[in-house]
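[1] Pasting the sequence and the predicted coordinates here, then a few questions.
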Amino acid sequence: MRYVFVDDSALSYDGYTPMRRPVGGAEKAVIGLASALQERGHEVKVINRVTYAHMAEGAYYTPFGDSMAPKSADVLIALRKPQLMGTLRSATHRLLWVVGAPEYLSASANEPLYDSFAASLLFIGRNQQRAYKGKVRHAVITPGLRSVYYEPPAPPTMMPSHTPDDYGYDPAAEQAREAEQKAAEEAARNAPPPIPPPHAIVTTHPLQGLGWLVDLWTRLIHPQMPSARLAVYSAVLGKGLKGEEIPTTIIPVLEQVKAAAAANVVVVDPKNDDGMAEAYRESRVHLYPGDAQDYACWTLAESQAAGLPAVARNLGGTDERIDNGSSGYVVPDEAAFANVALQILGNDDVYKNLSAAAADPVRRRVWAMAAEELDAFVASLPPGNT
């Protein structure tokens, strides 16, 4: 089957981009699902803002208007924008992948498109689905994760020490060295991970509750645990600290973060997937203020897979990412938020139990699962308007 994804966001990316630099959750979702569909035997192409056509991680990426861009598809998947479903003249099925709040779907300019394209919708979670009030046929396909988040890096291979036997042939000495090396590597693999220091991490957009969290940190958390640190991963705040121009709406949050430096609040630039997975494993808790419009909670899903406990308000999709009371806590108010955050930061046993539950393979969501569910949904659809 021929799948074609269409994304006209400003970011240029392909299947290798998350290994090189930070990428948004929706863009990583296109990459992950495209690769998983290819592994199931499909032909997969992505039309986006790449500068030239090429293969990456099993999918073929091509810019808009390129002579190599596909002209037809069995399944066209448009990211976010209903208008993109008309990118190809011929498609058996046209799907709109909704990754944000669904209210815009019912806009008068959008509704006629669903009938004309015989379109279907893809949602990323049950809360998002419940917020949708329309009648267009749809399915919930929960996104997967890249393996870097749920598979810790292997310990480095230990090189055997050189002895005079290395320059001759002594089978007994060689076997002894190999056995010693294997035993050391096995011990490293089975050793429990070190307990991180009392470092908290927040990845939320500055306008989605960061101000609320920094205020709570300075009033209720840091005074109780002065050694605790809060790392704010934000590219836009990093630019602001360097004196670069940022949106005026973010300046008040930037000033608040600056003022909180005395409370061990620091700004860190986001990293590629390997770097973020390492940051999650070296932190003690993910503080996620949540937002009513944030149904994806992309970074929360990643940090949970990496074994990082979380505390979040019950907003958007947080309760779908956290197993409340097991892998973290979804709390009703700021007092509860501060209390459980302090417990995780200060109690090793609480951290270890929550971390083990968060990283439990039973909770693991891989892209192969999402691709299988998507194939099943497509197989259930009647032929659309080509």
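    Yep, that arrived.
[2] all contacts plus neighbour counts: C-alpha atoms, from now on.
    Will do.
[3] Double-check that residue 4 belongs to a helix.
    No: applying DSSP: H, G, I helix; E, B strand; the rest coil, one finds residue 4 to be strand, outside a helix.
[4] Tell me the spacing between it and residue 93.
    10 Å (C-alpha to C-alpha, to the nearest Å).
[5] Overlap in contacts, those two.
    75-76 (C-alpha atoms under 8 Å, 6 or more residues apart in numbering).
[6] okay, these two: which has more neighbours?
    residue 4 (27 against 23; other C-alpha atoms under 10 Å).
[7] isn't the more buried one right up against residue 45?
    Yes: using C-alpha atoms under 8 Å, residue 4 makes contact with residue 45 at a distance of 4.8 Å.
[8] which neighbours do the two share?
    Common contact partners of residue 4 and residue 45 (C-alpha under 8 Å, 6+ apart): residue 70.
[9] C-terminal to the lowest-mean-pLDDT helix or strand in the chain, what's the next element?
    In the chain, no helix or strand scores lower on mean pLDDT, DSSP states H and E than helix 171-190, which sits at a mean of 67. Using DSSP states H and E, the helix or strand that follows helix 171-190 in sequence is strand 199-202.
[10] Buried residues, the next helix-or-strand element following that next one. List them.
    Later in the chain than strand 199-202, the nearest helix or strand by DSSP H and E is helix 211-216. Neighbour-count burial for helix 211-216, counted by 16 or more other C-alpha atoms under 10 Å, picks out 211, 213-214, 216.
[11] Just give the number of residues close to residue 356.
    Neighbour number of residue 356 under other C-alpha under 10 Å is 18.
[12] Sorry, slip of the keys, the one I care about is residue 114.
    For residue 114, using other C-alpha under 10 Å, the count is 20.
[13] With residue 52 instead?
    11.
[14] And residue 181, by the same measure?
    17.
[15] Use 4 as the first number for this chain going forward.
    Got it, the first residue is 4 from now on, which makes the last one we talked about residue 184.
[16] any idea how far it is from residue 175?
    14 Å.
[17] Residue 198 too?
    According to C-alpha to C-alpha, residue 198 stands 39 Å off from residue 175.
[18] Those two: who's more crowded?
    Shown here are residue 198 and residue 175; by other C-alpha under 10 Å, residue 198 has more neighbours (14 against 10).
[19] contacting residues for that one?
    Residue 198 neighbours (C-alpha under 8 Å, 6+ apart): 287, 351, 355.
[20] ok, now with 10 Å
    284-287, 351-352, 354-355 (C-alpha atoms under 10 Å, 6 or more residues apart in numbering).
[21] do residue 318 as well
    130, 291-298, 333-335.
[22] Looking at the residues you listed, which is nearest residue 110?
    residue 296 (16.9 Å; C-alpha to C-alpha).
[23] Quick check: that closest one vs residue 347, distance?
    Residue 296 is 27 Å from residue 347, by C-alpha to C-alpha.
[24] For the two, indicate the residue with more neighbours.
    More crowded of residue 296 and residue 347, by other C-alpha under 10 Å: residue 347, with 25 against 16.
[25] mind listing what the nearest residue to that one once chain neighbours are set aside touches?
    With sequence-adjacent residues excluded and distances taken as C-alpha to C-alpha, 6 or more residues apart in numbering, residue 347 is closest to residue 354, at 5.1 Å. By C-alpha under 10 Å, 6+ apart, the contact set of residue 354 is 198-199, 287-288, 310-313, 330-331, 346-348.
[26] No further questions, thank you.
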